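**Student:** Turn this into a model:
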Amino acid sequence: MKYIISIFLLTITAGILHSQEIELTGENAYFAYQKMICGTTEEGITRYGTWQGRAYSRVPGEKDKHIFNLVGINVRQCLRTNDDTQGRGFRSVSREIQMYLDPKTDEILDTWTNPWTNNDTSVLHVANDPVNMRAISYEFDKDGASSRTMKVRRYHDVVASPTEIPLFYKNALGGDYQKFVGGMYHAMEIFNSFYNAEKLLDDDIKSIGESHGGWTRVAQWLPWMEMGDKPGIMIFNASVFNTFELNDVPEKIQNILNTRYPEYLNPPPLDDNRPNETSWTVFKKQLKN
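**Tutor:** Next comes the predicted model:
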């Protein structure tokens, strides 16, 4: 047992010694961020970001339930531009889908039986168009100063970039008094992304090729689930694969695109300035119709 513990401790120590936190600055940070978002520093190249995973419910006093499987894809391209003061800039434009699958059969769910109410509800799969960067990301700030920095961790030939995005804003389905009665939209998106270190950190290399990662989301009940004010949250967890090759997109996702959402095979135009859609804004439009 002592021998096994010693080997384990040596392994952990070796891992720590071979990891290195790196702070990127200026042009290097700008190009690395552009490649993280777009996969490339070139304009108009389609990037397919796919994910596959599971969704769980968490209700106080109950055992967590595996209620859905998930598959999804974000299809994007990036605009390049230039500003006299802020220098080079880029902006991604995209559209995305996410399908809810039966946790036992892995088939697409179009009707879901709510296990708490026993009611059958129509499933509103994610089909958000567009999902764009709200603003151009520039190399310099508004005063022309180079203030961009980025911290990543390098493990040999892999760079890891963890990102947490807390979300707290007025619910699209709420009214004018959310400040007083609550009901704000409250969630967190967590991304762990992994890139080839040489391709990401070398400014002369335009494309990072494939990349991988994980996505976790902690959020409120989906509106179409008709959960009302029942206490609880949802936890999504998925593996992520990004590629420039449509043929490398998982077959299940390709079939969904071809049969249900053929317009999502391509990203929006580079000059797309439409307001972004979310599951909540799409559901609200459906209610109105």
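
**Student:** For this structure, give me the ranges with low pLDDT.
**Tutor:** Along the chain, the model assigns pLDDT under 70 to residues 1-17, 177-182, 280.

**Student:** ok, now with 50
**Tutor:** 1-14, 17 (pLDDT under 50).

**Student:** Buried residues of stretch 98-107, list them for me.
**Tutor:** 98-101, 103 (16 or more other CB atoms under 10 Å). C-betas here are computed from N, CA, C, even on glycine.

**Student:** from the middle of its chain, how far away would that stretch be?
**Tutor:** 19 Å (CA atoms, centre = their mean, to the nearest Å).

**Student:** which residues sit against it?
**Tutor:** 51, 54-55, 66-72, 108-109, 112, 123, 125-126, 256 (CB atoms under 8 Å, 6 or more residues apart in numbering).

**Student:** Equivalent analysis for stretch 269-278, please.
**Tutor:** Against stretch 269-278 from outside (CB under 8 Å, 6+ apart): 43-44, 77-79, 93, 128-132, 134, 172, 268.

**Student:** May I ask which of the residues you listed has the most neighbours?
**Tutor:** residue 78 (25 neighbours; other CB atoms under 10 Å).

**Student:** Mind telling me what element that residue is part of?
**Tutor:** strand 65-83 (DSSP states H and E).

**Student:** which helices and strands does that strand pack with?
**Tutor:** helix 26-38, strand 47-58, strand 87-101, strand 233-243, helix 251-259 (3 or more CB pairs under 8 Å, 6 or more residues apart in numbering; DSSP states H and E).

**Student:** Next, the buried residues of the second one.
**Tutor:** Which is strand 47-58. In strand 47-58, counting by 16+ other CB under 10 Å, buried: 47-53, 55, 57.

**Student:** same check, this time on the shortest one
**Tutor:** Buried residues in helix 251-259, defined by neighbour count with 16+ other CB under 10 Å: 253-254, 256-257.
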